[in-house]
Structures are given as C-alpha cells and as structure tokens.
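[1] Here's a sequence, model it:
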Amino acid sequence: MDAMQVGLPILGIVAAAAAITFYAVSFSEIREKSFRDLEDSEYENGAFKTSMSSRKRRASKKAEKKDNF
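    Take a look at the predicted model:
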C-alpha cells in the first residue's frame, strides 16, 4: 500500500482527537470559571445575597410608577 493511503487516515484520526481534547478542556475551563464567578457573586460579606421576590419586585415597580406620575 502507498504510504499516503495509510498516513492520511491516521493523520485525520489524530487531528480529530486533538480537536476533541481541545474543546473538552476549553469547555471544562469555562465551566469552572463560571462556577467560581457564581460563587464569588453570591457570597459577599459573610452572607449570601438574596434576590427580591416577585412580590417585592412588583411592589417596587408599582412604587416607581406612582413616583413618576
């Protein structure tokens, strides 16, 4: 068999494995960074930040509308 007939498929397989490895490592690093950012944003001053409940948000928006008119 010709060397090109053997070498080209092997080169393709190696390139595909390298691409898959690159993407897997990149996605895992992005995931770790987003988890770190999430933890940093939630935990400040020794306590977790709580978001407003929908009821409080509606009341706040209603109060803002009253102030504008």
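
[2] Tell me where this protein has strands.
    According to DSSP state E, the chain carries its strands in the segments 43-44, 47-48.

[3] Average pLDDT for stretch 27-35, rounded please.
    Taken as a whole, stretch 27-35 carries a mean pLDDT of 87.

[4] ok, residues contacting it?
    Taking Cβ atoms under 8 Å, 6 or more residues apart in numbering as the criterion, no residue outside stretch 27-35 touches it. Bear in mind the C-beta positions are built from the backbone N, C-alpha and C, glycine included.

[5] Could you shift the numbering so residue one becomes 34, and keep it that way?
    Noted, 34 is the first residue going forward, which turns the last one into stretch 60-68.

[6] chain center to that stretch, what's the gap?
    Centroid displacement of stretch 60-68 relative to its chain, using Cα atoms, centre = their mean, to the nearest Å, is 6 Å.

[7] Let's see it as PDB, backbone CA atoms only.
    Taking C-alpha atoms only, stretch 60-68 is exported to PDB below (Å, rounded to 0.1, in the frame of the first residue of the first chain):
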ATOM      1  CA  PHE A  60     -15.400  23.900  28.000                       C
ATOM      2  CA  SER A  61     -14.300  22.500  31.300                       C
ATOM      3  CA  GLU A  62     -12.200  25.600  32.000                       C
ATOM      4  CA  ILE A  63     -15.200  27.900  31.000                       C
ATOM      5  CA  ARG A  64     -17.500  25.800  33.300                       C
ATOM      6  CA  GLU A  65     -15.000  26.100  36.300                       C
ATOM      7  CA  LYS A  66     -14.700  29.900  35.700                       C
ATOM      8  CA  SER A  67     -18.400  30.400  35.600                       C
ATOM      9  CA  PHE A  68     -18.900  28.400  38.800                       C
END
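
[8] what ranges do the helices span in the chain?
    Secondary structure of the chain (DSSP state H): helices located at 36-75, 87-101.

[9] Considering those helices, which stretch scores lowest in mean pLDDT?
    Here those differ in mean pLDDT, and the lowest is helix 87-101 at a mean of 82.

[10] For that one, list every residue counted as buried.
    Residues of helix 87-101 include none that count as buried (16 or more other Cβ atoms under 10 Å).
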